[in-house]
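Trainee: What follows is a protein structure lacking sequence information:
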């Protein structure tokens with residue numbers, strides 16, 4: 001099949017003909033004795049604003065920014081039930097450090113993050129630094145850690161000097177509790193700085209999440225909702241609903257967008273404005289791509305330049321059909337659309353400088369010899385007679401078992417994985433630690449180099465990726481990033497040694 005570029009097809013694997021416009025791709029320790037406590041190095045950015053928990057409609061605010069200093073960032077992060085305001089209504093949600101979202105961590109390649117974590121939750125938890133290429137062992141990005149209610153834990157993460165710049169995020173990853181805790185409000189952003197800054201009038205963080213409430217608390221999903229993958233009826237940006245932004249004609253803004261939803265796919269449009277996509281997750285395209293629509297699966301991030309055009313525009317997420325359970329009479333999991341925020345562009349026009357984006361050396365594994373091939377099969381099946389026992393969610397026919405290693409890889413290997421989805425639902429696939437290069441989606445080969453840590457795998461379809469297992473060693477996981485599906489068993493264990 002002839003390769004395609006982002007200029008010729010917006011969605012690989014299909015949102016439908018109506019979406020085939022524009023030019024975007026389916027975007028889908030405590031401190032050692034005698035050493036000063038590194039938490040004292042946490043430096044709030046002087047230009048940052050801290051949004052009140054769940055601030056209602058108004059100018060879009062951003063979380064507090066904690067910036068590294070002298071090669072390290074130290075902070076304390078507390079997970080707790082907090083009184084917040086969402087869409088003008090006082091409710092109780094989970095937060096990190098009392099805000100929704102939690103603080104933004106801003107670091108540079110080569111930095112060390114020392115994070116003192118405290119849990120005031122009513123269930124076990126832990127912390128995943130999503131997308132960061134850091135050790136999965138010990139007190140680093142270890143998904144097998146168990147932090148009980150009332151306990152503390154000292155995390156430490158060392159970024160490599162060659163770590164990719166980009167927007168990343170953190171959220172809970174304790175098996176069985178991940179979807180519930182993320183949905184109730186536990187998430188925050190991480191930004192790894194470019195070595196050479198991308199010039200823009202201003203930079204904005206947009207953390208998009210959804211939530212639902214019953215009375216004064218977050219809605220507790222039913223087993224049926226967990227099988228589908230829960231979605232909230234309120235969609236927020238930085239914990240706000242219906243927020244506004246102001247800009248002048250000609251200004252160029254850098255928007256770092258995070259899909260922090262537990263199950264919702266985001267089809268983003270900003271009609272009337274010029275959007276240029278720099279990359280998805282930690283990937284950076286060879287040149288900015290003009291797009292009319294950007295699609296992010298749960299866990300994906302987008303780095304976008306927006307050049308302001310006079311007028312009023314609404315950032316929307318459009319409906320998307322991510323399939324169903326395939327059971328007689330069961331509904332599909334069609335995601336509803338929502339207006340996210342309003343951008344008003346008015347005033348004295350300005351001229352943005354030429355867009356110059358630093359291009360890190362991008363490795364293309366299609367030009368290198370692979371050392372192995374694997375097929376990874378994502379499946380759903382009925383449990384019990386007539387499926388009355390619910391649904392099973394498996395990878396290669398097995399539900400998650402933290403004591404079992406499902407995939408063993410030799411350090412330095414370059415492998416090609418064919419991810420097969422036999423189920424009637426989409427399953428975005430996430431691999432910790434080692435980024436994946438998209439090679440083929442739904443039978444269509446990619447012409448461009450495209451690196452992700454979450455890749456789309458459409459219902460009854462396949463996605464092909466290549467992975468270089470260099471650098472770090474250890475044991476971690478891969479899973480569906482519809483976190484209810486992960487919690488229900490669609491996760492495997494990988495060890496690289």
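Mentor: Arrived safely, thanks for sending. Just so you know, these numbers come straight off a predicted model, no measurement behind them. Numbers count the residues shown, from 1 in each chain.

Trainee: so residue 207 is in which element?
Mentor: strand 202-211 (DSSP states H and E).

Trainee: and that strand, what does it pack onto?
Mentor: Using 3 or more C-beta pairs under 8 Å, 6 or more residues apart in numbering; DSSP states H and E, the elements in contact with strand 202-211 are strand 188-192, strand 234-237, strand 252-259, strand 338-345. C-beta here means a position set from N, CA and C on the backbone, and glycine is covered the same way.

Trainee: Give the pairing partners of it; include direction for each.
Mentor: strand 234-237 (antiparallel), strand 252-259 (parallel) (DSSP bridges).

Trainee: What lies in contact with the first one?
Mentor: Going back to what we said before, that points to strand 234-237. 54, 60, 86-87, 100, 206-213, 241, 243, 264, 315, 317, 338, 340-341 (C-beta atoms under 8 Å, 6 or more residues apart in numbering).

Trainee: filter those to the buried ones?
Mentor: 54, 60, 86, 100, 206-211, 213, 241, 243, 264, 315, 317, 338, 340-341 (16 or more other C-beta atoms under 10 Å).

Trainee: hey, where'd the helices end up in the stretch 301-450 of the chain?
Mentor: Read by DSSP state H, counting those that start in this stretch, the stretch 301-450 of the chain holds no helices at all.

Trainee: got it, and the stretch 51-200 of the chain?
Mentor: Using DSSP H, counting those that start in this stretch, helices in the stretch 51-200 of the chain cover 178-183.

Trainee: which is the next helix or strand following the strand holding residue 207?
Mentor: Taking DSSP H and E, what comes next after strand 202-211 is strand 213-214.

Trainee: distance between that next one and the chain's centre?
Mentor: Distance of strand 213-214 from the chain centroid (C-alpha atoms, centre = their mean, to the nearest Å) equals 25 Å.

Trainee: Now do that strand, average pLDDT.
Mentor: Mean pLDDT, computed over strand 213-214, is 92.

Trainee: neighbouring contacts of that strand?
Mentor: Applying C-beta under 8 Å, 6+ apart, the set of residues contacting strand 213-214 is 86, 89, 91, 219-220, 234.

Trainee: what residues go with each domain of the protein?
Mentor: 38-192, 200-322+332-345, 365-496 (automatic domain parsing).

Trainee: Any idea how far apart the tips of the last one sit?
Mentor: Same thing as domain 365-496. Using C-alpha to C-alpha, to the nearest Å, the end-to-end distance of domain 365-496 comes out at 19 Å.

Trainee: what's the offset of that domain from the middle of its chain?
Mentor: 16 Å.

Trainee: what's the closest of the helices and strands packed on strand 202-211 to residue 81?
Mentor: strand 188-192 (16.6 Å; C-beta to C-beta).

Trainee: now that closest one and strand 252-259, what's the angle there?
Mentor: 130 degrees (axes from the mean of the first three to the mean of the last three C-alpha atoms, to 10 degrees).

Trainee: Could you report the separation of the closest residue to residue 392 other than its chain neighbours from residue 300?
Mentor: Once flanking residues are discounted, residue 392 sits nearest to residue 381: 4.8 Å by C-beta to C-beta, 6 or more residues apart in numbering. Distance of residue 381 to residue 300, given as C-beta to C-beta, to the nearest Å: 27 Å.

Trainee: quick one, which of those two is more surrounded?
Mentor: A side-by-side neighbour count of residue 381 and residue 300, using other C-beta atoms under 10 Å, places residue 300 first with 26 against 13.

Trainee: from what I can see that one touches residue 281, true?
Mentor: Yes - Residue 300 sits in contact with residue 281 when judged by C-beta atoms under 8 Å, with a separation of 6.2 Å.

Trainee: and for these two, which residues touch both?
Mentor: Common neighbours of residue 300 and residue 281 (C-beta under 8 Å, 6+ apart) are 452, 454.

Trainee: From residue 437, how far off is residue 269?
Mentor: For residue 269 relative to residue 437 (C-beta to C-beta), the value is 27 Å.

Trainee: re the thing from before, make TSV from the domains of the chain and add distance to residue 358 to it.
Mentor: Output for the domains of the chain, formatted as TSV (distance: least, C-beta to C-beta, whole Å):
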stretch	distance to residue 358
domain 38-192	8
domain 200-322+332-345	8
domain 365-496	16
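
Trainee: which stretch in those has the least confidence?
Mentor: The bottom spot among those, by mean pLDDT, belongs to domain 38-192, with a mean of 89.

Trainee: Please compute how far that one lies from its chain's middle.
Mentor: With C-alpha atoms, centre = their mean, you get 13 Å for domain 38-192.

Trainee: Could you tell me which residues make contact with the nearest residue to residue 131 once chain neighbours are set aside?
Mentor: Distances taken as C-beta to C-beta, 6+ apart place residue 168 nearest to residue 131, at 4.0 Å, with adjacent residues excluded. Contacts here follow C-beta under 8 Å, 6+ apart; on that basis residue 168 touches 129-132, 189-192, 282, 301.

Trainee: from those, which is closest to residue 354?
Mentor: residue 191 (23.4 Å).

Trainee: Next, the contact list for that closest one, please.
Mentor: 104-107, 166-168, 205, 256.

Trainee: Considering those, which possesses the most neighbours?
Mentor: residue 105 (28 neighbours).

Trainee: That one and residue 313, how far apart?
Mentor: For residue 105, the distance to residue 313 - C-beta to C-beta - is 30 Å.
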